[in-house]
Every structure is written in structure tokens, then in C-alpha cells.
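S.K.: how would this look folded up:
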Amino acid sequence: MSENKVAIVTGGASGIGLAIAKKFITKNIITIIIGRDEQKLQDAKERLGSLCVPISFDLNDLAGIPSLVNGIKDEFGTIDILVNNAGINQKKEFTEVTDEEFQRILLTNVTAVFALSREVVKCMLDKGSGAIINISSMASQYGIPKVIAYTASKAAIEGMTKAMATELSPNGIRVNCIAPGFIATAMSAKALNDDPERRAKVLGRTPMGFLGDPADVADAALFFCNKCFKIYYGNHFKSRWW
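M.R.: Down below sits the predicted model:
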């Protein structure tokens, strides 16, 4: 069993997930990145080094998730951190979105998050500690046209985070959610680069006038996993370390 902390980051081969994996590795956390694109995973491994462990897996294969998690636990002895970052989007007029397209996004962005979290939590309960971070989006906070399924999925993630935190925190498992605004990633580039009007609207509602950097989200993720923060108890605060 490794003395290092062990993290899983889904969608860890690019964008926000890659930035989080990079940040964890700077803190000597063994970081397992899960994704479907084997080439991206290997490229990330080459960039991040020996503490990066790529696993090619389609999280839509719900039946395979228990075996995936058990294999990770058997190899590394523990799972300390889970970052549910993987997600897909679709830009399409509301009336043109099919039932199948809507369900496909919910499967990846919500159901797979639930199934993976459930299996990882079983490992965390055994040792009475752990940290789970769900990546939401500001799309859940205000209306964005042409992304109905993505918006619905992220609203579901935030509700699920609250339920998980309430149920799991007495067992030493912290559950938090990060809802980034527009971050400079390949996903946001696909949505904005060919749509000047939409890009102008995005920047117009962003007071600083530019997109965020994936490293900004990574800093927040590390804080929730590995920093001392204060919890309010009645009329006083107590510091709590992982």
C-alpha cells in the first residue's frame, strides 16, 4: 500500500480535469485519470509523470464501475479523493433536442457520477475519511440558451452534492461542489469560438472581462481536499485538518 494519498479524477486528460490532476501531483498525490480517449490519456501521462495513472474506461458502462473501483482499491490500497469532472455538452435549439440526446447527457453527467461516487464511498467508509468534489457549472445558476440538457444535468449535480454531504459528512467524508464560470478549455472554445455573439454575451456578464484558467479551478479543488478550513459549530469555529 502506498503512503501517498490516492485520487481519482474523471475526465483528467484535458481541460479542468488535467489541471486538477497536475495540481494534485505537485502535492505527491497518486492521481488516477479516467477517460475514453487513450491517446489523450497517454499524452497526459507523459506530461504529468510517474504519479499519473491513466485508465481508459467509458463511465457510461455503469455495470463495469464496481469492478473499476475495486481494481483501483486492490492496486493502491485506498481511495482518498474523487473528483467527478467528466462531462459532455451539446449546443442545440431547445425544440430540436431529442429524448435520446437529453438522456445521453444525463447518463454521462449525472447517472455515471452517482454510480462512481457510490462505489468509491464504500471504500471511504471503511477508513472513515475522504473528499469528493463534483464539478458543476454556472449554467446551473442562470439560464444559458441552447444547452438545456447540460444545464439540467449540472443542477442535478448540485442537488446531489447537498444530499451526499448531508448523509456522508458524519462519516468523515467531505463532499463539495465547484461551479466554474466560463473557463478557457477545448469545450468552451467549441461553444464560443464560432459564435461571436455568444462570446460577447459571456464576456459581458464576466466582470473581469476574460475567461478563467483551468488552474484556478484546480486551486479550489486542492483546497477542498488538502487544506485546513473552518467549520462553524454553534457559536464558534473549529479548524479541521484532513
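S.K.: what sits closest to M164 if chain neighbours are left out?
M.R.: V175 (4.3 Å; C-beta to C-beta, 6 or more residues apart in numbering). In this view, the C-beta of every residue, glycine as well, is placed from N, C-alpha and C.
S.K.: contact partners for F24?
M.R.: By C-beta atoms under 8 Å, 6 or more residues apart in numbering, the contact list for F24 reads A7, V9, T31, I81, A221, L222, C225.
S.K.: narrow those to those in helices?
M.R.: Taking DSSP state H as the definition of helices, the contacts of F24 contribute A221, L222, C225.
S.K.: pLDDT value on T10, please?
M.R.: Here, the pLDDT recorded for T10 equals 98.
S.K.: let me redo that: A139
M.R.: 86.
S.K.: just the ones in helices among the contacts of F24 now: which is nearest N134?
M.R.: Comparing the ones in helices among the contacts of F24 against N134 with C-beta to C-beta places A221 closest, at 10.5 Å.
S.K.: thinking again about what came up before, now that we have the contacts of F24, which one has the most neighbours?
M.R.: V9 (33 neighbours; other C-beta atoms under 10 Å).
S.K.: so what touches the host helix or strand of I72?
M.R.: Assessed by DSSP states H and E, I72 sits inside helix 65-76. Contacts to helix 65-76, defined as C-beta under 8 Å, 6+ apart, come from residues 1-2, 6, 8, 30, 32, 34, 55, 57, 59, 79, 112, 115-116, 119-120, 122-123.
S.K.: do that again at 7 Å, thanks
M.R.: S2, V6, I8, I30, I32, F57, I79, A115, L116, E119, V120, C123 (C-beta atoms under 7 Å, 6 or more residues apart in numbering).
S.K.: just the buried ones among these, please.
M.R.: V6, I8, I30, I32, F57, I79, A115, L116, E119, V120, C123 (16 or more other C-beta atoms under 10 Å).
S.K.: and the gap between P170 and M164?
M.R.: Distance of P170 to M164, computed by C-beta to C-beta, to the nearest Å: 12 Å.
S.K.: ok, those two, which is more surrounded?
M.R.: The residue with more neighbours, out of P170 and M164, is M164; 22 against 7, by other C-beta under 10 Å.
S.K.: what distance do you get for the nearest residue to K146 once chain neighbours are set aside to M124?
M.R.: Counting by C-beta to C-beta, 6+ apart, K146 lies nearest to K91, which is 5.0 Å off, once chain neighbours are set aside. Distance of K91 to M124, computed by C-beta to C-beta: 36 Å.
S.K.: which of the two has more neighbours?
M.R.: Counting neighbours by other C-beta under 10 Å for K91 and for M124 shows that M124 has the greater number, 23 against 15.
S.K.: secondary structure class of that one, three-state.
M.R.: helix (DSSP: H, G, I helix; E, B strand; the rest coil).
S.K.: how about the contacts made by it?
M.R.: Taking C-beta under 7 Å, 6+ apart, one finds I79, G130, I173 in contact with M124.
S.K.: for this protein, what helix or strand is lowest in average pLDDT?
M.R.: Ranking every helix and strand in the chain by mean pLDDT, DSSP states H and E puts strand 229-233 at the bottom, with a mean of 41.
S.K.: contacting residues for Q42?
M.R.: P54.
S.K.: longest helix in this protein, by number of residues?
M.R.: Longest helix in the chain, counting by DSSP H: helix 148-168.
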